[in-house]
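Asker: structure, please.
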Amino acid sequence: MPQSPNLIVSATPLALSRDPPSLDTWIDQLSICLKLLSSDDTGGCQLPDKSACNADEFKFLQEIMHLPDQRIPFRDSAPSRHRVLQDPNGPFSRSHLRTRHGFFSILVLRALLHSTDFLFLKGNRILFESYDDFNGVIQEVAREKNWDIHSTRFCKPDAYGRHSGVSVSIGNAKAYWDASGKDCNTSWLIEGKDISFRKLVGLLAGNEFPGIGKLQALQIATDYARAGIIQPTEDEFLEGIRYVNMGAVAGLMDLGLLERKFKMKQVNGRLARAKDKSQVNREDLKSAFVAVKVAVEEKWDSTNYPWDMFELEHWLCKASPRRLGRESYYQIYE
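Answerer: Next up, the predicted model:
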């Protein structure tokens, strides 16, 4: 069970900054969140006993656990991901990982069922042999629970945070099943053909997979990288991050390591400042990512909590004031 790492971070307000937060501040936020890791060796998260932290820390951790899938920084310990990985007969198990139905199940779990009541029903099945199988399970649960099949019980458009604008609907499952039957979409998985990380993200964010935006596509591709199906280099992984242009990129901007650019646009007949959503410079992204990596290597005891570039990307996604940089964190040191 990972323990709180030995951090070279002062517990005084002088070591902290807020606008933007320093790397020490961000790493301290991560360190406090380690207290959420369960003590039962399952790798999940739960609120610690109040005696394990002070009152202000407990309040901060309560806020993290209020939206755990969005705010817990540890990739495989957030509830939805943990639920899927813990199932010995789930889609990431050896016997199902390189199959059509395993791929289909991963798509619906990430894009539709993520963070839903359905996913956490006790004894519920999360491996689906076909679209008909999936639809039958959904319909049966809807009848038993008297749940509306089109409600957030089965599909949350904002499961990853603010709605990304893509069309998220439980009805997308049929398109995923159809797409999973095409060799052009699955040869990298079922036949083991080469595919770059960036190309896989683009494939999953394409028209064949409605409702899967770039951020969800990155998460699915990273799931497969973690499972050993693809093995991107750091530069290849950064190309995927650059293509998505949110999540970790926004985190690096929140930390002041990438410039957040703006442009003027017409809004209701008036000029207004808006975020420039053009891709960040490749070398700027690499320099910022390396700076973070160096800081973590210096301040984080990896023997207590191992990390890699995939975990680091996830940590960066949590750097915003809506995630780790909450007012309740800064109150700890007042």
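
Asker: skipping its backbone neighbours, what lies nearest residue 141 in space?
Answerer: Here the nearest residue to residue 141 in space, its sequence neighbours aside, is residue 118; by C-beta to C-beta, 6 or more residues apart in numbering that works out to 6.2 Å. All C-beta atoms are positioned from the backbone trio N, CA, C, and that covers glycine.

Asker: was I right about the one you found contacting residue 134?
Answerer: No: contact between residue 118 and residue 134 fails when scored by C-beta atoms under 8 Å: they sit 11.0 Å apart.

Asker: contact partners for residue 188?
Answerer: 194, 195, 200, 229, 230 (C-beta atoms under 8 Å, 6 or more residues apart in numbering).

Asker: swap the cut-off to 7 Å and go again
Answerer: The neighbourhood of residue 188, defined by C-beta atoms under 7 Å, 6 or more residues apart in numbering, consists of 195, 200.

Asker: helix, strand or coil: sort out it for me.
Answerer: helix (DSSP: H, G, I helix; E, B strand; the rest coil).

Asker: so how far is residue 243 from it?
Answerer: Look at residue 188 and residue 243: by C-beta to C-beta, to the nearest Å, they are 17 Å apart.

Asker: before we move on, what about residue 302?
Answerer: On the measure of C-beta to C-beta, residue 302 and residue 243 end up 28 Å apart.

Asker: now the helices for the stretch 201-334 of the chain?
Answerer: 214-226, 234-244, 248-254, 282-299, 309-317, 327-331 (DSSP state H, counting those that start in this stretch).

Asker: so can I have JSON lines of these showing distance to residue 107 and mean neighbour count?
Answerer: Formatted as JSON lines, the helices of the stretch 201-334 of the chain follow (distance: least, C-beta to C-beta, whole Å; neighbours: other C-beta atoms under 10 Å):
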{"stretch": "helix 214-226", "distance to residue 107": "7", "mean neighbour count": "22"}
{"stretch": "helix 234-244", "distance to residue 107": "17", "mean neighbour count": "20"}
{"stretch": "helix 248-254", "distance to residue 107": "22", "mean neighbour count": "24"}
{"stretch": "helix 282-299", "distance to residue 107": "28", "mean neighbour count": "16"}
{"stretch": "helix 309-317", "distance to residue 107": "19", "mean neighbour count": "21"}
{"stretch": "helix 327-331", "distance to residue 107": "35", "mean neighbour count": "16"}
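
Asker: so which of those helices is nearest residue 81?
Answerer: helix 214-226 (8.1 Å; C-beta to C-beta).

Asker: quickly list the domain ranges of this protein.
Answerer: What automatic domain parsing lists as the domains of the chain is 13-73+287-331, 79-244.

Asker: residue ranges in the stretch 51-200 of the chain under the pLDDT threshold?
Answerer: 162-166 (pLDDT under 70).

Asker: let's see it at 90
Answerer: For the stretch 51-200 of the chain, residues meeting the criterion pLDDT under 90 lie at 52, 123, 157-158, 160-168.

Asker: helices of that one, start to end?
Answerer: 55-66, 68-71, 79-86, 100-111, 131-145, 173-180, 183-186, 197-204.

Asker: which of the helices of the stretch 201-334 of the chain sits closest to residue 60?
Answerer: helix 327-331 (4.4 Å).

Asker: roughly how far does the residue sitting furthest away from the middle of the chain sit from residue 275?
Answerer: For the chain, the residue at maximal distance from the C-alpha centroid (C-alpha atoms, centre = their mean) is residue 269, at 37.3 Å. Separation of residue 269 from residue 275 (C-beta to C-beta): 20 Å.

Asker: how many neighbouring residues does residue 262 have?
Answerer: Neighbour count of residue 262, defined by other C-beta atoms under 10 Å: 11.

Asker: ok, it touching residue 278?
Answerer: No: with contact defined as C-beta atoms under 7 Å, residue 262 does not reach residue 278; the gap is 11.2 Å.
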